[in-house]
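K.L.:
quick one, fold the following:
(chains A and B)
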Amino acid sequence: MNTFYITTPIFYPTGTPHIGTAYTVFIADTLAKYYAQKLGSDNVLFLTGTDEHGGNIAKKASELGVTPIEYVNDYAERYKRIWSGLNISNSYFIRTTNPEHEEFAKELIQKSFDNGDIYEGTYEGWYCESCESYYSEEDLIDGKCPNHPTKLPIFTKEKNYYFKLSKYSDWLLNYIEENPEFITPIKWREYVKSLIRERLKDIPVTRANVSWGIEVPFDKSQTIYVWYDALPNYLSYLNFKDSLEKDYYNRFWGNSVHVVGKDIIKFHAILWPAMLKSAGYPIFKKLLVHGFFTVNGLKIGKSNNNAIDPLELGEKYTNDAVRYALLSEFQIGNDGDFSIERLESKYNGELGNNFGNLLNRVIHLANLKDVNLHEDIEIDKDVSTYISTIENEYINNIESFKIFEAIQNVSELCSFGNKYVNDKKPWEITDTNELKSVLITLRVLLEKVIELYSPIIPDSSLKASNALKNQEKIILFPKLELKS
RNA sequence: CGCGGGGUAGAGCAGUGGCAGCUCGUCAGGCUCAUAACCUGAAGGUCGAACGUUCGAGUCGUUCCCCCGCCA
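P.N.:
Residues are numbered from 1 along each chain as shown, chains lettered A, B, ... in the order given. Take a look at the predicted model:
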């Protein structure tokens, strides 16, 4: 693999991004930074953006007395500002109102139509305006939307076009069996398989009464419903005029990874591959599914007043500490919990004491003993063996998207360094060569720690790297006073 | 039976059949180069409950109890 392409879902701009949104983006950003380091940044693409069509957007806009495009322009800027404030390294920010995207979405649905996979039908059933989703009678709970128990769905009868999703069941099941790496972690692959075995139904992919959307090319009275509008963003960007000039489609599509939350796994693991197959495209390479976390044991939301603004949190604790706290707390794919207490504990302990303090111990000792850390000498063999072992584990982990485990590897390396200092007692060593060997061994270890940490805590790693280079002390994570 | 996740040391989490682990906290030592940091040792678990499969179960099966999430 000589390129890497990673995407986040495109966000629906009806709410402000919160710590949960940021989590998805942190995962993608960490992997993007890792591969940029490994393959060179020219060989990595990282895409995020906003999903800007649909009835809810039009409704929100009209409530605010603005046009839909004004509304989404404002939101797109808001998202961009937040990601840039968090130093997210996305190569491009895609918006579904981009004319090149709209053109691509039309071509895609037209291809499926031409292949006979899209047929005209009449939809009769329940529609929840809040979800912008259709429900069958048995989906409803006491006649109410399963996601919005206070809302009454509307009985709808309208002409729609359907996609023959059912046709792709066997093919998809086979594909998943034959490509065990396609959906990860494993438990989500098993979940998807069970969904497919339960039976796939054809689904409506156009709407008759939503004007804020992309026109259906083969029936101008309809607009494209979310699936054929939002999902193609991952591919449309590679086919923009600028992208084609850079050969992006050929270089990147074969190495594409979609990061998604567990709530939208069906659309990414089932519908999107079927859409691609139908339109004659090869399907994306991997789907990385992450779980959800609660904040202080409560789900994120306005009702719990815990929809934390990641930027504010970053200003207080540093961006690095925020992403570190999330990525090191639970494995990708699992659910977890996030709290300020845990963030502070990790900040002081794992980042400050274990990593930051080790950096300072070494630099300070070298300065005290007047040792040049950058002299090129042979280092302690046992240590260099240990470093390679850890590095290999780290690479295995991060390339299987196990960021949680990879962080533990680096943490172990720091602990090893601290123990090494204690064992060797460099402050007592009088022999110059021995002293040099110990301290320079530690410098090499620290360089590796910094390298391995840099996708995870990029700002601190850069500072650490400069401090080590200049052999000047730096307090990376000033101690937080904790209320007991 | 709506769908799904989970119940492992005081707290937070690993551990998909083979001697129960990690981080934090607690207690006791050591060190004194460092952000009162670091190192060592100890205490602390009948792995939610019961039954079953197995030479062997935290791990597989069945039943039950309890938490939690469901527009990232």
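
K.L.:
how close does the closest residue to A:Trp427 other than its chain neighbours get to A:Leu442?
P.N.:
Once flanking residues are discounted, A:Trp427 sits nearest to A:Leu365: 6.6 Å by Cβ to Cβ, 6 or more residues apart in numbering. In this view, the C-beta of every residue, glycine as well, is placed from N, C-alpha and C. The gap separating A:Leu365 from A:Leu442 is 8 Å, by Cβ to Cβ, to the nearest Å.

K.L.:
and for A:Ala22?
P.N.:
34 Å.

K.L.:
so what's the residue in chain A that RNA strand B sits nearest to up against?
P.N.:
Nearest to RNA strand B, among the residues of chain A, is A:Gly356, at 1.7 Å (Cβ to the nearest atom of the strand). A:Gly356 makes contacts with A:460, A:464, A:475-477, as judged by Cβ atoms under 8 Å, 6 or more residues apart in numbering.

K.L.:
and those, which of them are buried?
P.N.:
Buried positions within the contacts of A:Gly356, assessed by neighbour count (16 or more other Cβ atoms under 10 Å), are A:460, A:464, A:476-477.

K.L.:
any residues of the stretch 201-350 of chain A in contact with RNA strand B? List them.
P.N.:
A:260-264, A:291-294, A:297-301, A:329-331, A:334-337, A:342, A:345, A:349-350 (Cβ under 7 Å from any atom of the strand).

K.L.:
in PyMOL, how would I select just the buried ones from those?
P.N.:
This is how PyMOL selects the buried members of those, with burial counted by 16+ other Cβ under 10 Å:
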select buried, chain A and resi 260+261+262+264+291+293+294+300+329+330+331+336+342+350
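
K.L.:
A:Leu365 and A:Leu442 - which one has more neighbours?
P.N.:
A:Leu442 (27 against 19; other Cβ atoms under 10 Å).

K.L.:
which residue is the nearest non-sequential neighbour of the more buried one?
P.N.:
Closest to A:Leu442 by Cβ to Cβ, 6+ apart is A:Val362, at 4.6 Å.

K.L.:
and the contacts of whichever helix or strand the one you found is part of?
P.N.:
A:Val362 is part of helix A:357-368 when elements are defined by DSSP states H and E. Here helix A:357-368 makes contact (Cβ under 8 Å, 6+ apart) with A:371-373, A:414, A:417-418, A:421, A:426-427, A:439, A:442-443, A:446, A:449, A:464, A:467-468, A:471-476.

K.L.:
buried members of the residues you listed into ChimeraX, please.
P.N.:
To isolate the buried members of the contacts of helix A:357-368 in ChimeraX, using 16+ other Cβ under 10 Å:
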select /A:371,373,414,417,418,421,426,439,442,443,446,449,464,467,468,471,476
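
K.L.:
near RNA strand B, which of the contacts of helix A:357-368 show up?
P.N.:
A:418, A:421, A:426-427, A:473, A:475-476.

K.L.:
could you say which helix or strand holds the residue lying closest to A:Val371 once chain neighbours are set aside?
P.N.:
Excluding the flanking residues, the one nearest A:Val371 by Cβ to Cβ, 6+ apart is A:Leu439, at 5.1 Å. Element membership for A:Leu439 (DSSP H and E) is helix A:432-453.

K.L.:
who touches that helix?
P.N.:
A:37, A:355, A:358-359, A:362, A:365-366, A:369, A:371, A:373-375, A:377-380, A:383-384, A:387, A:390-391, A:394, A:406, A:409-410, A:413-414, A:416-417, A:420-421, A:424, A:426, A:429, A:460-461, A:464-465, A:468.
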